[in-house]
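Participant: Provided below for reference: sequence and predicted model.
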Amino acid sequence: MRILLVEDEPLAQKRIKSIVSQNFSDWKVIDSVQSVREFRSKLENISNYDLILCDIHLADGLSFKAFAGMADLKIPVIFITAYDEYALQSFDHNCLDYVLKPIDEQRLVKALQKAQKFNPNSETPSLDQSFINNIVKHYTSKSYKKRFLTKLGNKFVFIPVENVAYFYAEEGLTYLVEIGSSVRYVIDHSLSELESDLLDPLKFYRINRSMIIHLDGLVEIKPYLNGRLALAMNAKSEDALVVARERVNEFKSWINQ
């Protein structure tokens with residue numbers, strides 16, 4: 001299997017290549033590209049490839065743009081992305097499967113096994129109906145949390161999600177900090193729950209292991225040590241708000257959405 005890898009994050013590129021080589025020894029990543037422009041140029045020689053592994057948010061825009069005018073594209077595409085809202089749109093571009101980041105090895109292997117069964121003589125990728133039904137059910141009904149119930153002193157208060165500057169975890173507890181405030185509230189959700197199920201990924205981003213920020217509360221971005229970024233939020237914080245180095249490229253794409 002000859003693969004075209006479309007991915008602008010070096011760490012993600014390395015991980016995908018490692019998963020492919022460890023699980024499919026006779027498969028080879030022929031080319032790797034990092035931009036819509038480079039991707040488009042490779043599509044002009046699409047016969048060089050049997051499969052495309054494709055991120056969606058690239059440095060110069062959405063990878064979907066590269067498919068414009070490619071009505072005769074007949075090879076399958078597996079999209080690998082941190083954003084779930086493009087799942088339905090991906091079906092317009094020969095989507096065989098849709099894998100969310102952070103990449104789970106077994107999930108990607110399962111997607112690659114689908115490609116292994118793909119019949120290259122068919123006009124479009126052979127998607128099973130259960131996969132389509134699950135995608136449609138999940139992504140068309142997706143809703144996000146609108147407010148958080150928390151306790152302040154001896155009373156309970158509601159904090160609308162649009163008033164949140166950031167969430168952070170400390171000593172086993174998760175805290176919410178309001179925009180324009182230094183007051184913190186304890187909430188009954190882990191950062192993982194917030195990131196995966198409760199918060200809109202277009203508005204909230206996990207910048208490191210212990211913090212999720214709200215785009216509306218972001219004031220300033222500055223370079224920081226070791227290739228990281230330091231953020232200023234519209235809320236007080238005793239500690240530096242730092243984007244982890246391995247998340248910097250993805251964070252920039254998220255900001256530039």
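Facilitator: Here it is on my side, so go on. Numbers count the residues shown, from 1 in each chain.
Participant: now the spatially most central residue of the chain: how far from Asp97?
Facilitator: Most central in the chain under CA atoms, centre = their mean is Ala82, positioned 0.8 Å from the mean C-alpha point. For Ala82, the distance to Asp97 (CB to CB, to the nearest Å) stands at 16 Å. Just so you know, the C-beta spots here come from the backbone N, C-alpha and C atoms, and that holds for glycine as well.
Participant: kindly report the same for Arg247.
Facilitator: 24 Å.
Participant: likewise for His189?
Facilitator: Separation of His189 from Asp97 (CB to CB): 29 Å.
Participant: so His189, which state does it fall into?
Facilitator: Assigned state for His189: coil (three-state reduction, DSSP: H, G, I helix; E, B strand; the rest coil).
Participant: same check, this time on the one 5 residues further on
Facilitator: Classification of Leu194 into helix, strand or coil gives helix, according to three-state DSSP.
Participant: residue contacts, it?
Facilitator: Leu194 sits next to Phe167, Thr174, Phe204, Ile212 when contact means CB atoms under 8 Å, 6 or more residues apart in numbering.
Participant: so which of these sit within strands?
Facilitator: Among those, DSSP state E puts Phe167, Thr174, Phe204, Ile212 in strands.
Participant: right, and the last one touches Pro201 too?
Facilitator: No: proximity of Ile212 to Pro201 does not meet the contact threshold set by CB atoms under 8 Å, at 10.3 Å.
Participant: so the two - more neighbours on which side?
Facilitator: Remark: of Ile212 and Pro201, Ile212 carries more neighbours, 21 against 17, as counted by other CB atoms under 10 Å.
Participant: so for His189 and Asp97, which residue has more residues nearby?
Facilitator: Asp97 (22 against 16).
Participant: quick check: bridge partners of the more buried one?
Facilitator: Beta-bridge partners of Asp97, counted by DSSP bridges, are Ile78.
Participant: ok, now which ones touch it?
Facilitator: Ile78, Phe79, Lys110, Ala111, Lys114, Ala115, Phe131.
Participant: and for Gln13?
Facilitator: Gln13 neighbours (CB under 8 Å, 6+ apart): Leu5, Glu7, Ser32.
Participant: one more time with 6 Å
Facilitator: The contact partners of Gln13, taken as CB atoms under 6 Å, 6 or more residues apart in numbering, are Glu7, Ser32.
Participant: please give the element, helix or strand, for the residue lying closest to Leu152 once chain neighbours are set aside.
Facilitator: Ranked by CB to CB, 6 or more residues apart in numbering and with sequence neighbours excluded, the top spatial neighbour of Leu152 is Tyr185, at 6.5 Å. Applying DSSP states H and E as the criterion places Tyr185 in strand 184-187.
Participant: mind checking how far that strand is from the chain centre?
Facilitator: 27 Å (CA atoms, centre = their mean, to the nearest Å).
Participant: buried ones in that strand?
Facilitator: Under the neighbour-count criterion of 16 or more other CB atoms under 10 Å, strand 184-187 has Arg184, Tyr185, Ile187 buried.
Participant: secondary structure element for Arg107, which one?
Facilitator: Using DSSP H and E, Arg107 sits within helix 105-117.
Participant: which residues touch that helix?
Facilitator: Looking at what lies outside helix 105-117 - CB under 6 Å, 6+ apart - the contacts are Ile19, Asn23, Leu51, Pro76, Ile78, Leu96, Asp97, Val99.
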